[in-house]
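J.: From the sequence below, what's the structure:
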Amino acid sequence: MAKLKDEYPPLFPMADTMEGSLAKGKIVVPDADRLILCDADGVIKKTFGNRKKIPGKMQVHSMHIRSMDNNERLTFEGAISGCKFGQNLYALGDVRRASMIAAKQALRVCGEHEIRARIAPEDIFLDRVDLVVNFRLESEEEVLRVLKQIKRQLIEQHGPTNTHGSTVCWAPKDGKEYMIVMYAKGRQLLNAMQRRKQRPPYWGALVEEATCILRVEVRVRRGELRKLGLEKASDWHEDTASKVFNKYFGNLKLLKVTSSVFSKDELTALPQRLRPVLALHKLGFDLEQVYTPRSCQRHRDFFRKQGVDLRCPSQPENTTMSVLDYLSPDKAVCEAPEWMIKQGLAPRNLAVSALKKIPASKLQNKRKRRMF
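T.: Next up, the predicted model:
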């Protein structure tokens, strides 16, 4: 089992899309077609059920269930909170609880009320867990500007980066172990609703709530969950989601990018031999045309340790930014507004409620820790 760090800032990810299964005897999904696998002699080897859709609240999100391995295993997948509450902008912060909701809903549809009554977290195996954090910025324009800067940095690092519109996806090993997706939540909600004929009555207020949200999703797959010792729902505790989110999001190399404006203090703070390097970079020169590959690598390593990315071109003064300042715990929105909770559209994050009881002095000290 990989060790997760014990120290983390007061940041509470929510559980969005999940995939899991349970094996509690023969469970047949009703009204679902089945695939029968036979050998050359016509002997049945295995049967698999097709996916059955479970419509969510207000028909906004759905969950899918499926019987596998001769009906010995029942699987579920989907945005569990989205299915239960009718939106996934704010989701359950407890992976264990979300898993139990999904499993019990699946068993209810299958008519397995006896199994449903005695199901426990240790009976649920997880194949995928998406942990999400919403960062509220000043405007949608600022959200798009930060995403553009993130995209530029990750592409310049020649990493496993995919982009689509304003969405940025960082997927090492083609996302087989985990991936990190960042996007403008407000735009994503608008695009989703444009494909629907009917919209829930609360959708306008929900889109307004999401307009300034930059969403970060850490999607962890089965292999990584097994390495972490988190393949069962019972393995997830109160602080596990925060540790997992920080572990993988911290793998992103989001550094500062220089601006084209020169500062005397900035130059004098550097060793004499490195001042021309920064000057040439700010003037827009390709360092590889001036220095040898080995020297370029040495210079980039030095500035990387200072938190500066020389792979990304120096930006005009009015566009430069430090991405980490926008993805700090102080900008994270971990709990839904009260109007959504009162209308039953979102859960209350119990971890955040408990945090509010901590003395202000202790909370301030925790917030001083860097996210990465």
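
J.: Next, Leu92: secondary structure please.
T.: At Leu92, secondary structure determined by DSSP: H, G, I helix; E, B strand; the rest coil is coil.

J.: Does it touch Cys83 like I think?
T.: No. Contact status for Leu92 versus Cys83: not in contact, 11.1 Å apart, counting by C-beta atoms under 8 Å. Bear in mind the C-beta positions are built from the backbone N, C-alpha and C, glycine included.

J.: tell me how far the ends of stretch 205-221 are from each other?
T.: Start-to-end span of stretch 205-221 (C-alpha to C-alpha, to the nearest Å) is 33 Å.

J.: next one: stretch 306-313
T.: 17 Å.

J.: For Arg348, give me its contacts.
T.: The contact partners of Arg348, taken as C-beta atoms under 8 Å, 6 or more residues apart in numbering, are 335-336, 341.

J.: By neighbour count, which of those wins?
T.: In terms of neighbours by other C-beta atoms under 10 Å, the contacts of Arg348 top out with Ala336 at 24 neighbours.

J.: Mind telling me what element that residue is part of?
T.: For Ala336, there is no enclosing helix or strand under DSSP states H and E.

J.: That one touches Asn88, doesn't it?
T.: No. Applying C-beta under 8 Å as the test, Ala336 and Asn88 come out as separate, 11.1 Å apart.

J.: Any chance of TSV for the contacts of Arg348, columns distance to Glu238?
T.: Listed next are the contacts of Arg348 as TSV, based on distance: C-beta to C-beta, whole Å:
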residue	distance to Glu238
Glu335	15
Ala336	19
Ile341	20
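
J.: closest to Glu208 among these?
T.: Ala336 (13.6 Å; C-beta to C-beta).

J.: Could you pull up phi and psi at the closest one?
T.: Main-chain dihedrals, Ala336, degrees, to the nearest 10: phi -70, psi 150.

J.: got a list of what it touches?
T.: Contacts for Ala336 (C-beta under 8 Å, 6+ apart) come out as 89-90, 345-349.

J.: Can you give me the pLDDT of it?
T.: Among the per-residue scores, Ala336 holds a pLDDT of 93.

J.: Compute the distance between it and Thr211, please.
T.: 15 Å (C-beta to C-beta, to the nearest Å).

J.: and if you look at Gly42?
T.: According to C-beta to C-beta, Gly42 stands 59 Å off from Thr211.

J.: Quick check: Gln105 touching Pro55?
T.: No. The pair Gln105 / Pro55 is not scored as a contact, 11.1 Å apart, by C-beta under 8 Å.

J.: who has more neighbours, those two?
T.: Higher neighbour count among Gln105 and Pro55: Gln105, with 20 against 11, using other C-beta under 10 Å.

J.: Buried residues of the helix or strand where the more buried one lies, list them for me.
T.: Element membership for Gln105, per DSSP H and E: helix 95-109. Going by neighbour count (16 or more other C-beta atoms under 10 Å), the buried part of helix 95-109 is 95-107, 109.

J.: export that helix as PDB, just CAs?
T.: Extracted in PDB, the C-alpha atoms of helix 95-109 (Å, rounded to 0.1, in the frame of the first residue of the first chain):
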ATOM      1  CA  VAL A  95     -16.700   8.300  -0.700                       C
ATOM      2  CA  ARG A  96     -17.900   5.600   1.700                       C
ATOM      3  CA  ARG A  97     -21.400   7.100   1.900                       C
ATOM      4  CA  ALA A  98     -21.600   7.700  -1.800                       C
ATOM      5  CA  SER A  99     -20.700   4.100  -2.400                       C
ATOM      6  CA  MET A 100     -23.400   2.800  -0.100                       C
ATOM      7  CA  ILE A 101     -26.000   5.000  -1.800                       C
ATOM      8  CA  ALA A 102     -25.100   3.600  -5.200                       C
ATOM      9  CA  ALA A 103     -25.100   0.000  -4.000                       C
ATOM     10  CA  LYS A 104     -28.400   0.300  -2.200                       C
ATOM     11  CA  GLN A 105     -30.000   2.000  -5.200                       C
ATOM     12  CA  ALA A 106     -28.800  -0.800  -7.500                       C
ATOM     13  CA  LEU A 107     -30.100  -3.500  -5.100                       C
ATOM     14  CA  ARG A 108     -33.400  -1.700  -4.800                       C
ATOM     15  CA  VAL A 109     -33.900  -1.700  -8.600                       C
END
